[in-house]
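Student: I'd like to go over a predicted model; first the sequence, then the structure.
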Amino acid sequence: MKTVGYRRKSWPPAVRRKLRRAVYDFHVRTFGEELARVNFQPLAKRRQYVGEMVDHALRKGVKFERPALGVTP
């Protein structure tokens, strides 16, 4: 199979900003402002933040005995 010498041009910065804003707004509507902010952090900071959330929950007495099903009955 022949390779085609076509290379897709990257999108202009204005379009990239608009798309990133649309994705961020979607995250805000879906997960809320705090988790939307966390979702756009680097992976290491995200993991650190989630670890701090779990530690805070444990200090407040939350028990993790049952699995999180993602749906509140």
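Tutor: Done, it's in.

Student: how many neighbours does G61 have?
Tutor: A total of 6 residues lie near G61 under the criterion other C-beta atoms under 10 Å. Quick note: C-beta positions are derived from backbone N, CA and C, even for glycine.

Student: tell me which element it is part of?
Tutor: In this assignment (DSSP states H and E), G61 forms part of neither any helix nor any strand.

Student: Check the gap between it and M53 for me.
Tutor: G61 sits 14 Å away from M53 when distances are taken as C-beta to C-beta, to the nearest Å.

Student: do the same with R46
Tutor: Remark: distance between R46 and M53 (C-beta to C-beta) = 11 Å.

Student: try D25
Tutor: 23 Å.

Student: Could you do A68 as well?
Tutor: Using C-beta to C-beta, A68 is found at 13 Å from M53.

Student: Which residue of the two possesses the greater neighbour count?
Tutor: Using other C-beta under 10 Å, the more surrounded residue of A68 and M53 is M53, with 13 against 6.

Student: Can you check what pLDDT the model gives that one?
Tutor: M53 carries a pLDDT value of 92.

Student: what's the answer for M1, then?
Tutor: pLDDT for M1: 57.

Student: again with V15
Tutor: pLDDT at V15 comes out at 94.

Student: for P67, same thing?
Tutor: The model's pLDDT for P67 equals 79.

Student: Can you name the residues that contact it?
Tutor: Residues counted as contacts of P67 (C-beta atoms under 8 Å, 6 or more residues apart in numbering): none.

Student: do you know how far it is from R46?
Tutor: The spacing between P67 and R46, counted by C-beta to C-beta, is 22 Å.
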